[in-house]
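> What would the 3D arrangement of this be:
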Amino acid sequence: MSPRVILLGLSVLLSGCIIFDKKSEAVTFYQLAAPAAPTTRVAPILYVPRAILPSALRRPNIVILDDNGWVRVEDAHRWVAPLDRAVAEAVGRHLTARTGLPAASQAPAEDHLVLLLTVDKMEVFAPATPGRSLFSLPGAAANNDTAVMQVTFRLEKSDGTLLSGQTLTHSHPLKERSPSEFVLSQSANLATISADIAKLLANASPTK
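Reported below is the predicted structural model:
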């Protein structure tokens, strides 16, 4: 089985310094890269609740996990918002930019569409090579090191009627093995996945 590294963290934008201990460690914060765009269509409103995440990703730190179950928690690399909320909000912004539809993080009172997201994978695929440690971050990436994201979505009417559902997987090459490069690559993956979902929303009509 090829070694894999799963990192917890998405797109880079913010940084700062917080005192966590006597060493006053500098902490870098990450945030999903997604466009801000005005709505151009009144309806249907797209409700995007928090995404469902693998249990290993439900924490504020970057987490590195290998296939043998060894875990390393990166205290110096965190994201600015909970990852389940960050994924949903980023997808909502991407969809608004592409379709003009308004996106909401809370269920509207009026009829609306519901987009349910499950993050199945958010990892680095790094094929085994002689003399390489799984925990060699940061460092030079091999030519075939890639960030992989797999998302399963379910598009419903507000009454629960299924409109569409699919599992989408995309990968993006890594320039280096670092948290910042990882989150940039995963941002690119999420943008591509959102573009695929947007194709199904382009001709969406208000629910009845």
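> looking at it, Leu190 is touching Leu32, isn't it?
Yes - counting by C-beta atoms under 8 Å, Leu190 touches Leu32, with 6.8 Å between them. Any C-beta I mention is one placed from the backbone N, CA and C, and that applies to glycine too.
> Name the residue closest to the centre of the chain, please.
The centre of the chain sits closest to Val87, judged by C-alpha atoms, centre = their mean, with a distance of 4.6 Å.
> In a strand, that one, correct?
No - with DSSP: H, G, I helix; E, B strand; the rest coil as the criterion, Val87 is assigned helix and is not in a strand.
> Which of the helices and strands in the protein ranks last by mean pLDDT?
One helix or strand of the chain scores below all others by mean pLDDT, DSSP states H and E: strand 12-17, with a mean of 36.
> Show me what the helix or strand following that strand is packed up against.
Using DSSP states H and E, the helix or strand that follows strand 12-17 towards the C-terminus is strand 26-30. Secondary-structure packing of strand 26-30 (3 or more C-beta pairs under 8 Å, 6 or more residues apart in numbering; DSSP states H and E): strand 12-17, strand 71-79, helix 179-201.
> thought Pro49 was touching Pro108?
No - counting by C-beta under 8 Å, Pro49 does not reach Pro108; the two are 11.9 Å apart.
> any idea how far Leu163 is from the residue nearest to Thr192 when sequence neighbours are not counted?
Of all residues not flanking Thr192 in the chain, His170 sits nearest, at 4.7 Å (C-beta to C-beta, 6 or more residues apart in numbering). Relative to Leu163, His170 is positioned 22 Å away (criterion: C-beta to C-beta, to the nearest Å).
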